[in-house]
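Novice: build me a model from this:
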Amino acid sequence: MPEGYEFTESINGVVSVRRIDRRGPQIPEHDVELVRAEMARHGQLRYHRVECVRGEIVIFEPSSALMTLDAEHMRWFGIRWNEPAFDHLTTRYAPALKFVPRGSGDYAVHRMTYRGQGGWSWPLAYGPLVELVKRFMGKIGTDAFFDLM
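Specialist: The predicted structure follows:
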């Protein structure tokens with residue numbers, strides 16, 4: 001491996017070689033843990049993932065239809081719920097929400113848009129991460145998420 005490069009794997013399992021960038025913003029681990037802790041409080045987010053991507057905290061949603069079915073819905077169809085039985089399924093992840101550091105300890109929150117060509121929205125709010133996480137995380141995976149604009 002040439003000096004200054006590293007192997008990296010994306011959330012969807014794509015492995016590549018990239019240049020190490022030490023100039024970009026570094027997210028403190030306690031900020032990532034804060035987001036994970038809030039995510040654990042919301043049942044609809046149990047299959048979602050949190051990753052740091054290019055100096056931003058990004059929440060990814062699973063796009064596999066089976067992974068979004070919970071035990072109660074499976075019982076409606078007479079299927080016994082056994083999560084490990086679904087481990088072999090390939091679940092793809094798509095970004096849903098991100099927190100972007102602003103340099104002063106505050107963050108900006110953006111949501112993914114699904115109109116036109118899609119992409120990230122303009123900043124929905126600015127402030128301390130703890131407040132933004134409580135205000136926006138619970139809306140992911142609900143109808144209220146689509147009202148965020």
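
Novice: in the protein, which ranges drop under the pLDDT threshold?
Specialist: Along the chain, the model assigns pLDDT under 70 to residues 24-25, 64-90.

Novice: what about the strands in it?
Specialist: Using DSSP state E, the strands of the chain run over 5-9, 15-19, 49-53, 56-62, 93-101, 106-113, 119-120, 125-128.

Novice: partners of the first one, with directions?
Specialist: Paired with strand 5-9 in the same sheet, following DSSP bridges, are strand 15-19 (antiparallel).

Novice: centre of the chain to the partner strand, how far?
Specialist: 21 Å (CA atoms, centre = their mean, to the nearest Å).

Novice: how about stretch 55-64?
Specialist: Mean C-alpha position of stretch 55-64 versus that of the full chain (CA atoms, centre = their mean) differs by 2 Å.

Novice: please save the CA atoms from that stretch in CSV.
Specialist: This file holds the C-alpha atoms of stretch 55-64, laid out as CSV (Å, rounded to 0.1, in the frame of the first residue of the first chain):
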residue,chain,number,x,y,z
GLY,A,55,-16.4,14.4,8.7
GLU,A,56,-20.3,14.2,9.1
ILE,A,57,-22.4,11.9,11.3
VAL,A,58,-24.8,10.1,8.9
ILE,A,59,-27.8,7.9,9.8
PHE,A,60,-28.5,5.2,7.2
GLU,A,61,-31.8,3.4,6.8
PRO,A,62,-32.1,-0.2,5.6
SER,A,63,-33.7,-0.7,2.2
SER,A,64,-34.5,-4.4,2.5
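
Novice: next, the buried residues of it.
Specialist: By 16 or more other CB atoms under 10 Å, the buried positions in stretch 55-64 come out as 56-62. Where C-beta positions appear, they are placed from N, C-alpha and C, glycine not excepted.
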